[in-house]
Structures are given as structure tokens and as C-alpha cells.
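Colleague: dropping a prediction and its sequence here:
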2 protein chains.
Amino acid sequence: MRSAEIIAVGSELLTPEKTDTNSLWLTEKLGEIGISVMLKTIVGDDEPRLKEAIQDALKRSDVVITTGGLGPTEDDITRQVTAKALGRELVHRPELEEELRERFRRFGREMPEINVRQAYVIEGAEPLANPNGSAPGLFVEDAGRTLVVLPGPPRELKPMFETHVRPRLERLGDGMIVRRRVLMVAGLGESAVDEKIAPIYQKYENVRTALLFTKTEVQVHFYARAEDVESAEEVLNELVERSVAELGDAVFSTDGEAMEEVVGRMLRERNETLALAESCTGGLIGRRVTEVAGSSDYFLEGAITYSNAAKTRVLGVPAETIEAHGAVSAETAEAMAAGMRERSGADHAVSVTGIAGPGGGTEEKPVGTVFIGIANAGGVRSVRIVLPGDRYIIRWRASQAALDVLRRSLLRADRASGGRDYSLT
Amino acid sequence: MRSAEIIAVGSELLTPEKTDTNSLWLTEKLGEIGISVMLKTIVGDDEPRLKEAIQDALKRSDVVITTGGLGPTEDDITRQVTAKALGRELVHRPELEEELRERFRRFGREMPEINVRQAYVIEGAEPLANPNGSAPGLFVEDAGRTLVVLPGPPRELKPMFETHVRPRLERLGDGMIVRRRVLMVAGLGESAVDEKIAPIYQKYENVRTALLFTKTEVQVHFYARAEDVESAEEVLNELVERSVAELGDAVFSTDGEAMEEVVGRMLRERNETLALAESCTGGLIGRRVTEVAGSSDYFLEGAITYSNAAKTRVLGVPAETIEAHGAVSAETAEAMAAGMRERSGADHAVSVTGIAGPGGGTEEKPVGTVFIGIANAGGVRSVRIVLPGDRYIIRWRASQAALDVLRRSLLRADRASGGRDYSLT
């Protein structure tokens, strides 16, 4: 497999407030065409260090990509320093200057003379057009190595990579490509997931598997390496199918769909509606459901009933229920869901009440205790879960668990009716 | 100013799904003691590349910090490779092995023999105790350079840096320290903020200023370099005071407090309560308000009235108002706020209705049009704003604008009453 290095240029990337995100994206895209990133460097607008970084990288790796430092100001040194590192001249290209002037004219402005430097190209290099900015990129072959110079802003870099760089680098690869599939799991921990599927994925020699535990779910990333896209997809289909067979309903997505999108799609397919009654999540579930464009088709309303009085007044939870069992209880969760369903007329009402912390925990109901209620045509039920983490994480996981309760309830309804042939793959 | 490099070790950091966050934290901490990070390298579990990275870094920089690769497995090569890079031996330390065995005993487990390698120390290096993990760190002086070897998990690295590394490196610095202050601004764009305060901060030679436009606010980060903490704080106080004088009420925080915390504190100080009526933000404002622990003291309830029917039924917005002016209008926003205030009995009710996109825009009301209503003892008002960005960003900015309308209304009420001496500094 060919090796690559990425050099991110810019003093702002060496401050505590900025991080280099281009390299994550480039790493995935290079992987797709069989080129493996072996080292990343972040260097300031610092001539000797940048020159050394480029020269060292070209000694070690087949492909070197620099990002950033192509602007028109004094600080933007990548163009000059790259030329020096290669021992080549910068050559003025009148046709590039004319394109730059034309670009400024289109925006009704005169080109500042300082931008002329963006019309200089390293001797023997191919300029790469940048439709979203004034800095062209560069593609240079040098002593069997390939050096690619790209601008820093992601909205300039990404289309330039796709249009100009990927096709040129594809030739360089070993003919192998990599494709990714992500499996998302709710209701099982990271090690439980791994225990179930490790015996499956370990048998695939050309698949790299990475498990990630995000704030809401366990994600399983499969990267399949193969000779062509079809073979990679075939391996991924098989692997996903076998993993889903093992994990069952805990898998909610195999194509990158987030939980709120999955639930939204299921409601839309059924032509059914949703309402929410949130206490400890404080609006987070509503926010997630309505993050999906078009959610107004199935989401009717939500109530954030933070105080006990609001639970009673808005949702009709009897004060005696709260008195007898507490605001955080199965009884209250069920009364919240039933009240919301009745008031809104929605097909499904989901409620959440819990202790997100840091205060408020007891021995019987520690911080992280959450009750989720669900009311639909079949009646009212609730589940109790205890979530680990801080306030922020507990709230996110409670929101995920609530949506997952709804998802599983929709799946069960389908099975009970013997109807819908719902498949996750 | 002394220079530093950070080398993050671990093949997982060269995958598309993981990013190195330790280095941002270390950059800030090193800056505080007058040491400037000049280069960052991310390298896999790859002996030749790691060895070269360490040797190159020690040639260029006064301080080199490696993070990660200190675990007990075959992949964890930092200890051995660092020794090789320095041309020194690894020496077994029986007392470290005993501590490790004791650590495992405390957790009721036998130490796996593989962990013995964590009891090896580079010749002449000082081991650094790790209270949160089994891998000790290392502190090595070599030919006038300093090499610090730390584990990768942030909960191990951070306390080790604070306890062992910072005091040792402080001696190395030039005696200058750096302190940071963050000013947060709402209701003004990045360039408007810069135009106002650049003439102020540019006069401070020993202050670095960075403007960041996050999804909710413009942040101004001031880093003051001085001989001691008192002098740095004095400069920062003066700079912040002069900036606030220029920016006025647009500054909502000078000590890192988020908008939801500022508003929460103001409500608590006044012993007043809040209710929310959200349409296009779908619960995001409620989620932000309740992210603050203890918010149940002032937050009563929220309604996510996504459908027109819910606006009418839950908040009493007359159907004719929606019919005549549209769901996204000043009239609807005001009726939502008034209805929520009446129903909840809260002192302040804030409402939001708008077009978050991607669909739904018209010439008169393009995507990003948002109306914010506010009802309190003084009556009902509304403002119209047009926000740039995609659905996600528009929703975040709408939530921020809504909380900012409340904040400014609370400030105005204070001024009108001639009461409270509220100061942001």
C-alpha cells in the first residue's frame, strides 16, 4: 500500500483554539483509493520548519499533501517554501493572473496587487483550479514522489481533492480500494457489542474494524479493502448481514442514518405522528427530532414540563401520583406519556423523567436513573434505565434511549400485525 | 520564548475517526508558562518514523512532549523507541514494578506479566507517577533539551502534566507567563467586533488576540504575556474594560460563562422565572437552559409547538392570526409569548418562530427569517432577524438570539428601574 503524509500549515493551527480537521477527511479519502496516511505534521508560518517538514516527508512517503498557507499575504508561505524545498523556481503564469483578475471582476472588485503572487506556479508543477477561492493548488511529481499543495479552507480543499487530486492519485495506488460501512447500535455497551461480533469480523483479513462509543451510541466502522468497489461492497454486505443477525434489533442503522432520522422515516412510512413530554432532557429530544428537515410532517408538539406543577397542569399528571411515587418514577413517566397523547392526539407519545445530576440522586434512585414512558394505541408502558456519565452525557443517552424505545415499539407493532417487512440492511 | 513540539503517538490517531485533542490542551498550558508550541506531529505505532520524529524534534526544539503509546501491549512502542532515539538503555526499576503490582492488587486483580514492561525507565530519566493509570511518565534531560513522555488518555495526562511537568518546565521558561481571557459577544458579526476593538488591542504589544466565530457567538480570546500572573491579569482587566466600553451590551460574558448560564444567573439574582414557546428551534432553547444544573429553580416549562394546531391549542394563538400573518410573523411570535406567559405564570416568556430551511423560504420571508417574541410585566414585544447559515446553524443562532433578547430585556428593566448595578466585567 502506498504511503502518504499530510502537512497542515498555519500558525493558527498551533493555538489552543484551532484544530486541523482537513486531515481526517483526507485520511478517509486517501484510504478509499488505497493510500495510507503514515504521519501528520502541523507547522506554523515558519519557513525553516516547513521546508524541513516537506523535505523529510518526501524522503519517507510516496505522497505528500500540504494544506493551507496559499493566501495572498506575507504570512502565506507554502508556495515559496515548497519551491525552495524542491529546489525549483516559481514561475509567473500570465493566464492564471488573468483568471484571478476575472474572478475579482465577477465579484465587482478590482484585484489587489498582492494577489498576483497566487499566479505563480512551481516550475514543472500543474496548477489545480480552485472554483471556490483565489488560490490555485499545485500537483508536482519529484523523484518518484508526488507532492500536492492545497488551500486550507475545507470548502475549497474538498472539491479540489475530488476533482483534481483523486483521479491523479488513483493511478498511483496499488489498484486496491477501501470502502467503509458504519453500523450503529443502541441499548448495548461497547464491550457487549464487541463480544458478539469480534468472532465474525476477525475472520475477514481485508477488513479493518473500529468500535467507537459516542455520546449516544456504539458505532462499528468496517473498512473493507478490495480490488474494486463491487468486491468491497460485497464483503461489507456480508459482514453487516452477519453482524446484524448477531446483534438483532439493537442495530438501528447501517447506512449512517442517525436515530432521529431512523425514527422519522419509520413514522413517515407508517403515516403516524409523534408528541413528546420531556422533563430531565429539557427539550433535547424535541431538538433532535426537529433537526431532521421535514419533521413537521410527523412531529406535532412537545412539552418541556420541568416543574411538578407543569407536569400536572400541562399533562394532567395527578399531583397524588407525583406525591406517592416521585416525579422520577414509572407512574409519573406513564402519566406524562398518556397525558401528552391525549392532549395532542398523536399516535405515539414518549415521555422522559429522570435525574441528570449532578445533585438529586438517592440510594434508591441514583443520578442517571431515567424512566421512559410510551403511550400508543396499544396502551401505556414504561422502562427504567440507569445511565452512566455526567449531566451532559446522561441527558444525551436518555434522549437516545427514549427514541430507541419508540423505534423498538414500532418494530414490535409491525411484527404483531404480521405486516411490514422492515429490514435494517 | 522557549519552543516546544508535541508528538502524538498511536495508529488510531491516523484513522479518519480519531483526532488528537491532547495537543490543544498542552498548547494552552505550555503557553501559560511561556513555552511556545512550534510543531505537532502525529505518528503511528511505527518504529522508524517515531524514532526519526523524536530525533528531529530534539534537534529543533527546547521541549519535546510525546503522548500515548505507553500501554503494556506490543503496539505500545513509545518507551522503547524513545530510549533508542536517545541512544540510552531501558532499566528495570523493581520499586516501580512493586507499585504496579500493588495497584492491581488494590483493584483485586493479579498483574498480568505483560505489564512488567511499564516498570522500565530510560537510563537517567525520572519516572512520573500516574495516579489514574498503570503507565508512569518519563522526564529526561538530554544535551540541553527536555523530553517528556506522557500517556495518551486525557484523564491520565492532564493531572500528570499539572503535578509533575508544569513545575519542572516553569524553571525552563524565560520567566514570562501567559494568561487568557475570553470575551463573548452576541448580536454583532465578527468583522463588526474587530472593527470596534482592533484599535484597542493592537496597542498591546504583549497580547495576542484571536477572534472566533462559533455557531452561537463571536469570541475574542486575549492572551497576555507578562512577568507574573498579577501583571497579566492587570493588562487583561484593562483590555477587557476598554473593549466592553466599546462593545457595550453586546458583550454577554467575560469569564467563560455561556449565554444560558448568564441568563440563568440573572433570573436567579432577580428571583424571576422563565417559560419558553419554541417552534423552529424545536426544543433547543429548552435544552440549553436546562443544561445548567439547578435550572429548575427558574425554568418552569417549555412548549414545542411545531404544528399550527398546537400553537393554537396549547398557546392560544388565534387561528386567524396565523391565517392572516403566517406562522412565521411578529403577530404569531407575540401571541405565542403572551399565551405561554399566561398559561405558565412565568415572569418572562420567550417565543421563537422562523424558517430554519432548507425549504419553506419565500421572497418576503427567506430561509433564516426568525421572529422572537418576549412577554413580561411590561407587555409583549417582538423582533425580526434574518440569520445566515444552514438549518443547523440557523437553529443554533435563533436559540442564541432568543436568549439574548431575554438578557437585554432584563438589563433594560434594571436600567428603567434605576435599580440593580449590573456590571459584566
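Modeller: Happy to help now that I have it.
Colleague: which residues of the stretch 301-425 of chain A lie near chain B?
Modeller: When proximity is defined as Cβ under 8 Å from any Cβ of the partner chain, the stretch 301-425 of chain A approaches chain B at A:301-307, A:309-310, A:313-314, A:343-344, A:357-359, A:391-392, A:395. In short, each C-beta sits where N, CA and C put it, glycine included.
Colleague: what number of residues lie near A:A319?
Modeller: 12 (other Cβ atoms under 10 Å in any protein chain shown).
Colleague: ok, for A:L26, nearest residue in space, not its chain neighbours?
Modeller: A:I6 (5.7 Å; Cβ to Cβ, 6 or more residues apart in numbering or on different chains).
Colleague: elements contacting the least confident helix or strand in chain A by mean pLDDT?
Modeller: Within chain A, no helix or strand scores below strand A:207-213, which has a mean of 89 by mean pLDDT, DSSP states H and E. In terms of contacts (3 or more Cβ pairs under 8 Å, 6 or more residues apart in numbering or on different chains; DSSP states H and E), strand A:207-213 is packed against helix A:190-201, strand A:218-226.
Colleague: now stretch A:102-109: average pLDDT?
Modeller: The average pLDDT within stretch A:102-109 is 89.
Colleague: residues contacting it, please?
Modeller: By Cβ atoms under 8 Å, 6 or more residues apart in numbering or on different chains, the list of residues contacting stretch A:102-109 from outside reads A:110-111, A:115, A:134.
Colleague: change it to 10 Å
Modeller: Outside stretch A:102-109, the residues that touch it by Cβ atoms under 10 Å, 6 or more residues apart in numbering or on different chains are A:110-112, A:115, A:130-131, A:133-134.
Colleague: any part of the helix or strand harbouring A:V178 near chain B?
Modeller: Taking DSSP states H and E as the criterion, A:V178 maps to strand A:177-185. Yes - judged by Cβ under 10 Å from any Cβ of the partner chain, strand A:177-185 comes into contact with chain B through A:180, A:182.
Colleague: how far off helix A:190-201 does that strand point, in degrees?
Modeller: Between the axes of strand A:177-185 and helix A:190-201, defined by axes from the mean of the first three to the mean of the last three Cα atoms, to 10 degrees, the angle is 140 degrees.
Colleague: tell me what strand A:177-185 is packed against?
Modeller: The helices and strands touching strand A:177-185, judged by 3 or more Cβ pairs under 10 Å, 6 or more residues apart in numbering or on different chains; DSSP states H and E, are helix A:22-32, helix A:190-201, strand A:207-213, strand A:218-226, helix A:229-247, strand A:251-253.
Colleague: give me that answer again for 8 Å
Modeller: Against strand A:177-185 (3+ Cβ pairs under 8 Å, 6+ apart) you get helix A:22-32, strand A:218-226, helix A:229-247, strand A:251-253.
Colleague: and the gap between the residue nearest to A:L26 and A:V367?
Modeller: 42 Å (Cβ to Cβ, to the nearest Å).
Colleague: so if I had to pick from these two, which one is more boxed in?
Modeller: Neighbours per residue (other Cβ under 10 Å) separate A:I6 from A:V367, with A:I6 holding more: 28 against 20.
Colleague: turn the helices and strands packed on strand A:177-185 into a markdown table, including mean neighbour count and mean pLDDT.
Modeller: Formatted as a markdown table, those follow (neighbours: other Cβ atoms under 10 Å in any protein chain shown; pLDDT from 0 to 100):
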| stretch | mean neighbour count | mean pLDDT |
| --- | --- | --- |
| helix A:22-32 | 21 | 94 |
| strand A:218-226 | 21 | 93 |
| helix A:229-247 | 17 | 96 |
| strand A:251-253 | 22 | 98 |
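Colleague: roughly how far does A:V63 sit from B:D297?
Modeller: Distance, A:V63 to B:D297, by Cβ to Cβ: 58 Å.
Colleague: the two: who's more crowded?
Modeller: A:V63 (24 against 12).
Colleague: that older thread, for B:T82, find the nearest of the helices and strands packed on strand A:177-185.
Modeller: Checking the helices and strands packed on strand A:177-185 against B:T82 by Cβ to Cβ gives helix A:22-32 as the closest, at 24.3 Å.
Colleague: which other residues reach whatever helix or strand comes next after that closest one?
Modeller: Once the chain leaves helix A:22-32, the next helix or strand it forms, by DSSP H and E, is strand A:35-43. Residues from elsewhere that reach strand A:35-43, judged by Cβ under 8 Å, 6+ apart: A:1-9, A:13-14, A:20, A:23, A:26-27, A:30-31, A:49-50, A:53, A:57, A:60-63, A:169, A:172-173, B:14, B:38-44, B:46, B:49, B:53.
Colleague: how about strand A:35-43 as PDB, C-alpha atoms only?
Modeller: Only the C-alpha atoms of strand A:35-43 are listed here, as PDB (Å, rounded to 0.1, in the frame of the first residue of the first chain):
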ATOM      1  CA  ILE A  35      -3.200   5.100   0.000                       C
ATOM      2  CA  SER A  36      -2.400   5.000   3.800                       C
ATOM      3  CA  VAL A  37      -1.600   8.100   5.900                       C
ATOM      4  CA  MET A  38       1.500   7.300   8.000                       C
ATOM      5  CA  LEU A  39       2.300  10.700   9.500                       C
ATOM      6  CA  LYS A  40       0.700  14.100  10.000                       C
ATOM      7  CA  THR A  41       2.600  17.300  10.800                       C
ATOM      8  CA  ILE A  42       1.100  20.700  11.900                       C
ATOM      9  CA  VAL A  43       3.500  23.500  11.400                       C
END
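Colleague: per-residue confidence for A:E170?
Modeller: 87.
Colleague: measure A:E5 to A:T321 for me?
Modeller: Distance of A:E5 to A:T321, computed by Cβ to Cβ: 63 Å.
Colleague: neighbour-wise, which of these two wins?
Modeller: Neighbour totals were compared for A:E5 and A:T321, and A:E5 leads with 25 against 18 (other Cβ under 10 Å).
Colleague: show me which residues of the stretch 151-300 of chain A are close to chain B?
Modeller: A:180, A:210, A:212, A:221, A:276, A:278, A:280-291, A:293-296, A:299-300.
Colleague: from the residues you listed, which would you call buried?
Modeller: Among those, those classed as buried by 16 or more other Cβ atoms under 10 Å in any protein chain shown are A:180, A:210, A:221, A:276, A:278, A:280-291, A:295-296, A:299-300.
Colleague: among those residues, which lie within helices?
Modeller: Here DSSP state H is the test, and those give A:284-291 as lying in helices.
Colleague: between those, which is closest to A:A402?
Modeller: A:I285 (5.6 Å).
Colleague: how about the helices of chain A, start to end?
Modeller: Remark: helices assigned in chain A by DSSP H are A:22-32, A:47-60, A:78-86, A:94-106, A:154-160, A:166-170, A:190-201, A:229-247, A:259-270, A:284-291, A:308-315, A:319-325, A:330-344, A:391-416.
Colleague: residue contacts, the nearest residue to A:T216 once chain neighbours are set aside?
Modeller: Using Cβ to Cβ, 6+ apart and skipping the chain neighbours, the partner closest in space to A:T216 is A:Q400 (4.2 Å). Listed by Cβ under 8 Å, 6+ apart, the contact set of A:Q400 reads A:186, A:216-217, A:259.
Colleague: for ChimeraX, write a command that selects the buried ones of those residues.
Modeller: Only the buried entries of those go into this ChimeraX selection, using 16+ other Cβ under 10 Å:
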select /A:186,216,217,259
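Colleague: next one: phi and psi at A:R171?
Modeller: A:R171 adopts backbone torsions of phi -60, psi -30, taken as degrees, to the nearest 10.
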